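Colleague: Take this sequence and fold it.
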Amino acid sequence: MALSYEEKNRKSTDYSRLFHTGEKAPILKETFRANKGRIALSFVLYVIKDSPIYIVPVCTANLIDLVQTMLTNDLTFADEWFPLLVNSLLIVISLIQNILTHTLYARLTDNMLRNASASLRESVVRKLQHLSLSFSHEMNSGDLQAKFLRDVQGTEDYLTTLFKTFIPLIITSAITYGIVIYKSWIVAIFFLLAVPLDVLLVQLFSKKIKEESREYRLANDSLSRGFTTMIEMTPVVKAHGLEDIEIESMTKKVEVVRSKGLNLDSSIAVFGSSIFVIGGLLNFACLGFCIYLAVKGRIGIGEIVLFESLFSGMNGRIQSMLNLIPSLATGKEAIASLSELMSKEEIQDDADKLHLPSIEGAVAFDDVFFRYPDSDKDAIEHLSFAAKPGECVAFVGPSGSGKTTIVNLLLGLLKPQSGTITIDGHSLNDLSLKDYRHHLSLVSQSPVLFNGTIKENITYGLKQYSDEDVMNALHEANCDDFIQALPKGVDTMLDENGSNLSGGQKQRLTIARALIRKPDLLFFDEATSALDNIAEKKVQSAIDASMKGRTTFVIAHRISTIRNADKILYIENGAILESGSYDELMAKKGKFFLMESANEKAVQAV
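Modeller: Have a look, this model is predicted:
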């Protein structure tokens, strides 16, 4: 699909750096800086496109004064044709030009705001990709999704409100007031006296409306959570005949939403009518004041219409600006929330790092310590071991012992607080992690597949590969049997999460995805724990074949997965308690022996 002109020429701004400056509104400042030419031009276009707001009342007042002069001095149209024509043409031209200038203004402003929004979203994605894994222990996926969707949208709404509504209202009000000052300073003073009344009116209602809006939102959130729970609990509800209780519970929540909504609607209605009445009374006061000045000879008859029109418009704009203040405050809250993510310092820095063209596979841990944020206990302590190129090292031990943490340290997803991890003699801290990870592959406990063809899932992220590479990877991963049985083979579409395949088939596909990358380091994290015995044998066969010629690290509870490992490390409380081959550890009759004996008894019991 061809890109539009705007897409081809859009300059993306990395907003990530802005959140480290300590400024309160970095996004606003950067948007002004990056788009100062466009902003200046858009405001000029705005003044021109909205010129009927000022020109029509002024010209109308002039026309009324001309008519009054003609009637007073018994003149004809022929006597005053030129000023009549000029004022009439100004009204017509100011109205017609709005079509072109408004279109140009909208395109310029919308393009600027969409670009800013896109750049911000790209910056969030870039930040997430560069953050280390440790930040996820502070921020769950729901919070991250909310920041990417809700807070970025809130920031976009903030910029849109500011640039397309709030600032334009200020400009229009300033021009209006400038005309009033030029025409009559005493009327300008009257205009100023109306502002405190508007502010007072908004203040009287804003707190109540804000609180009721919050209560209505919370009631809706509660209803949403209740509905989600109801769907999840449907089998339990049906099994125990609790339908009436569930209906009653949801009905109460719906009633709360209805009640809170009505309260909010009532307050908004009273506020709207109050603004209408106060606005009408102020307009009437302005009319009376202008009539008084006209009777005293201070202003002309036409200026009564001028000032009444300008006052009505300006009063409405002031009220609109005051009503926008809560929206702007909400936008600032969204920026503050987004800052929690964007100001994270645990980033992956590849600047001036070593790029290894290949990896032999010699890996060593030397007195490594690691502790998760906000934890008072080390997850890994005094950890030292070495793996030779081509060896298979297995990690076993109870849940929470630190096995996955070790793998994440090896992947560079976590950084140790002390100690050294080396790859082929090079400290992992000195390596470009992005480059380093091109030399490794990971097969996790839960296969991750997306809605696409088998080939697309296997070659995900690869730019260069051949059909032969795909078939070799599938063969090595022991996928031939089920691939050949599929009507479209590797071009078969997978459902979301690969739901049209069995657990063993999905796991073998993820092994094929790992192998097609020809990794020097291969990681298996509980790759067979969720499979039945038949599926496990096929996956285990694929694992055994994939280990040849590369350094492999395996986390497993099932001993069959690691029986042939060159070295088994028994981990408990973040420390290595036993190490050796399977036969050596069984002969010691220690922790590993007890775990293996317990597993065998569990299998026999089943």
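
Colleague: all helices for the stretch 401-550 of the chain, in order.
Modeller: Counting by DSSP state H, counting those that start in this stretch, the segments of the stretch 401-550 of the chain that form helices are 403-410, 433-436, 454-458, 467-476, 480-485, 503-515, 533-546.

Colleague: any idea which of the ones you listed is most buried?
Modeller: Most buried of these, by mean neighbour count (mean count of other CB atoms under 10 Å): helix 503-515, with a mean of 25. From N, CA and C alone the C-beta is placed, and that goes for glycine too.

Colleague: hmm, back to that, ok, which of the helices of the stretch 401-550 of the chain comes nearest K238?
Modeller: helix 503-515 (27.2 Å; CB to CB).

Colleague: can I get the CA coordinates of that closest one in CSV?
Modeller: Taking Å, rounded to 0.1, in the frame of the first residue of the first chain, the C-alpha atoms of helix 503-515 are listed here in CSV:
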residue,chain,number,x,y,z
GLY,A,503,-0.1,-28.4,22.7
GLY,A,504,2.8,-30.6,21.5
GLN,A,505,2.4,-29.4,17.9
LYS,A,506,2.5,-25.8,19.0
GLN,A,507,5.6,-26.4,21.1
ARG,A,508,7.4,-28.1,18.2
LEU,A,509,6.6,-25.1,16.0
THR,A,510,8.2,-22.8,18.6
ILE,A,511,11.3,-25.0,18.6
ALA,A,512,11.4,-24.8,14.7
ARG,A,513,11.1,-21.0,15.1
ALA,A,514,14.1,-21.1,17.4
LEU,A,515,16.2,-23.4,15.2
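
Colleague: which secondary structure elements does it contact?
Modeller: Using 3 or more CB pairs under 8 Å, 6 or more residues apart in numbering; DSSP states H and E as the contact test, the elements touching helix 503-515 are strand 440-443, helix 454-458, helix 467-476, helix 533-546.

Colleague: What about the residue in the chain sticking out farthest from the centre? Give its phi and psi, please.
Modeller: Distance to the chain centre peaks in the chain at D74, reaching 71.2 Å (criterion: CA atoms, centre = their mean). Note on D74: backbone dihedrals following degrees, to the nearest 10 are phi 60, psi 50.

Colleague: Would you mind measuring from it to S222?
Modeller: According to CB to CB, to the nearest Å, D74 stands 76 Å off from S222.

Colleague: And for G580?
Modeller: Separation of G580 from S222 (CB to CB) stands at 56 Å.

Colleague: of these two, who's got more company?
Modeller: G580 (17 against 13; other CB atoms under 10 Å).

Colleague: Hmm, that one is touching Y570, no?
Modeller: No. The pair G580 and Y570 does not pass the contact test of CB atoms under 8 Å, sitting 9.0 Å apart.

Colleague: circling back: just tell me which of the helices of the stretch 401-550 of the chain ends up closest to H355.
Modeller: Evaluated with CB to CB, the helices of the stretch 401-550 of the chain place helix 433-436 nearest to H355, the distance being 4.6 Å.

Colleague: I'd like the mean pLDDT over that closest one, please.
Modeller: On average, the pLDDT along helix 433-436 is 82.

Colleague: just how off-centre is that helix within its chain?
Modeller: Relative to the chain's own centre, helix 433-436 is displaced by 26 Å; criterion: CA atoms, centre = their mean, to the nearest Å.

Colleague: neighbours around V195, how many?
Modeller: As a burial measure, V195 scores 15 neighbours (other CB under 10 Å).

Colleague: ok, it - contacts?
Modeller: Shown in contact with V195 (CB atoms under 8 Å, 6 or more residues apart in numbering): I318.

Colleague: Please report how far it lies from A188.
Modeller: Remark: distance between V195 and A188 (CB to CB) = 12 Å.

Colleague: I96 now?
Modeller: Using CB to CB, I96 is found at 31 Å from A188.

Colleague: okay, these two: which has more neighbours?
Modeller: Using other CB under 10 Å as the criterion, I96 and A188 rank with A188 on top: 16 against 10.

Colleague: Can you tell me the SS state at the more buried one?
Modeller: Following DSSP: H, G, I helix; E, B strand; the rest coil, A188 is assigned to helix.

Colleague: I576 too?
Modeller: At I576 the chain is in strand, as set by three-state DSSP.

Colleague: number of nearby residues for it?
Modeller: For I576, the count of nearby residues is 19 (other CB under 10 Å).

Colleague: wait, it sits on E381?
Modeller: No. Judged on CB under 8 Å, I576 makes no contact with E381 at a distance of 10.1 Å.

Colleague: so where's the chain uncertain?
Modeller: 1-28, 30, 129-149, 326, 340-351, 527-536, 538-539, 557-561, 598-606 (pLDDT under 70).

Colleague: And the longest helix anywhere in it, how far out from the chain middle?
Modeller: Across the chain, the longest stretch assigned as helix under DSSP state H is helix 243-295. Here the centre of helix 243-295 is set off from its chain's centre by 34 Å, with CA atoms, centre = their mean.

Colleague: so what does the helix or strand following that helix touch, helix or strand wise?
Modeller: For helix 243-295, the following helix or strand on the C-terminal side (DSSP states H and E) is helix 301-342. Packing partners of helix 301-342 (3+ CB pairs under 8 Å, 6+ apart): helix 52-72, helix 98-130, helix 152-161, helix 167-183, helix 185-232, helix 243-295.

Colleague: repeat that for 6 Å
Modeller: Applying 3 or more CB pairs under 6 Å, 6 or more residues apart in numbering; DSSP states H and E, we find helix 301-342 packed against helix 52-72, helix 152-161, helix 167-183, helix 185-232, helix 243-295.

Colleague: any chance of these in JSON lines, plus distance to G400?
Modeller: Below are the helices and strands packed on helix 301-342 laid out as JSON lines (distance: least, CB to CB, whole Å):
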{"stretch": "helix 52-72", "distance to G400": "68"}
{"stretch": "helix 152-161", "distance to G400": "35"}
{"stretch": "helix 167-183", "distance to G400": "55"}
{"stretch": "helix 185-232", "distance to G400": "27"}
{"stretch": "helix 243-295", "distance to G400": "37"}
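
Colleague: A387: which of the ones you listed is closest?
Modeller: Proximity to A387 (CB to CB) singles out helix 152-161 among the helices and strands packed on helix 301-342, at 43.0 Å.

Colleague: relative orientation of that closest one and helix 167-183 in degrees?
Modeller: Orientation note: helix 152-161 sits at an angle of 20 degrees relative to helix 167-183 (axes from the mean of the first three to the mean of the last three CA atoms, to 10 degrees).

Colleague: Run the angle between helix 152-161 and helix 301-342 for me.
Modeller: Going by the same axes, to 10 degrees, helix 152-161 makes 160 degrees with helix 301-342.

Colleague: which of the residues in helix 152-161 are buried?
Modeller: Across helix 152-161, burial judged by 16 or more other CB atoms under 10 Å covers V152, G154, T155, E156, D157, Y158, L159, T160, T161.
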